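[1] with the input below, show me the fold.
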Amino acid sequence: MSGTYPTSTHEYANEDSTDLFADIFADFEPHNTTDGSYRGTMAKIKATELHYQEVFEQKLVEANTNLKRDRIRVSIKQTGNSLQLRATLPLKPGDASGGQSQRSVGKKKKQYDLSLGIPANLEGLKTAIEESYELGKLIARHTFEWNEKYLGIKSREKQEIKSIG
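    I've put the predicted structure just below:
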């Protein structure tokens with residue numbers, strides 16, 4: 001597997017989480033508060049959170065750039081507080097039309113955003129990168145099949161409702 005991907009991406013995907021967090025605040029200088037007041041403390045916390053968010057967004061862009069460079073046909077996007085994988089996949093079971101428009105009738109593939117329950121933080125990003133490579137392999141080999149993992153929580157709930165009725 002190490003020969004499959006360029007070294008930089010492979011190292012990043014398997015990087016130890018302590019290394020991932022070590023350089024986050026290396027160049028960050030928070031506001032100095034001399035009074036110790038609530039306002040000063042909150043300003044420091046807010047500045048730290050903003051820096052963390054900037055680093056996260058930078059790492060997300062970097063991850064998508066690496067995926068594109070490696071010709072993995074999956075991208076990672078943030079929706080709210082979670083990460084989703086975006087890819088063009090075979091139609092879901094029960095999604096026979098592929099969409100409402102006339103153009104999409106007869107198409108065998110459609111772009112989907114897969115929610116795998118990955119949180120939008122640096123550890124979640126690491127997981128999303130690993131999942132992207134796994135999904136990319138399935139797509140490249142034409143062996144992708146919809147299973148419970150990729151169908152998501154809503155489909156599981158629908159299946160449970162059907163079995164009760």
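[2] only C-alpha atoms for contact and neighbour calcs from this point on.
    OK.
[3] number of nearby residues for residue 90?
    If you count neighbours by other CA atoms under 10 Å, residue 90 ends up with 19.
[4] thinking it is in contact with residue 138, fair?
    No - here residue 90 does not reach residue 138: they are 11.5 Å apart, not a contact under CA atoms under 8 Å.
[5] what do these two both touch?
    residue 144 (CA atoms under 8 Å, 6 or more residues apart in numbering).
[6] look up phi and psi at residue 116.
    With angles defined as degrees, to the nearest 10, residue 116 sits at phi -110, psi 10.
[7] contacts only, for it.
    By CA under 8 Å, 6+ apart, the neighbours of residue 116 are 83, 84, 85, 149, 150, 152.
[8] low-scoring stretches of the protein, by residue?
    Residue ranges of the chain with pLDDT under 70: 1-23, 25-26, 30-34, 96-106, 153-165.
[9] gap between residue 40 and residue 47?
    11 Å (CA to CA, to the nearest Å).
[10] in its sheet, what does the helix or strand where residue 83 lies sit against?
    Under the criterion of DSSP states H and E, residue 83 resides in strand 82-90. Applying DSSP bridges to the sheet, strand 82-90 is found paired with strand 74-79 (antiparallel), strand 109-119 (antiparallel).
[11] show me the longest helix that occurs in the protein.
    Across the chain, the longest stretch assigned as helix under DSSP state H is helix 38-69.
[12] got the angle for that helix vs strand 82-90?
    20 degrees (axes from the mean of the first three to the mean of the last three CA atoms, to 10 degrees).
[13] who does helix 38-69 touch, helix- and strand-wise?
    strand 74-79, helix 122-140 (3 or more CA pairs under 8 Å, 6 or more residues apart in numbering; DSSP states H and E).
[14] would you turn these into a markdown table with mean neighbour count?
    Output for the helices and strands packed on helix 38-69, formatted as a markdown table (neighbours: other CA atoms under 10 Å):
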| stretch | mean neighbour count |
| --- | --- |
| strand 74-79 | 19 |
| helix 122-140 | 19 |
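[15] now the ones you listed as TSV including distance to residue 107?
    Formatted as TSV, the helices and strands packed on helix 38-69 follow (distance: least, CA to CA, whole Å):
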stretch	distance to residue 107
strand 74-79	19
helix 122-140	17
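[16] the ones you listed: which one's closest to residue 113?
    Proximity to residue 113 (CA to CA) singles out strand 74-79 among the helices and strands packed on helix 38-69, at 8.6 Å.
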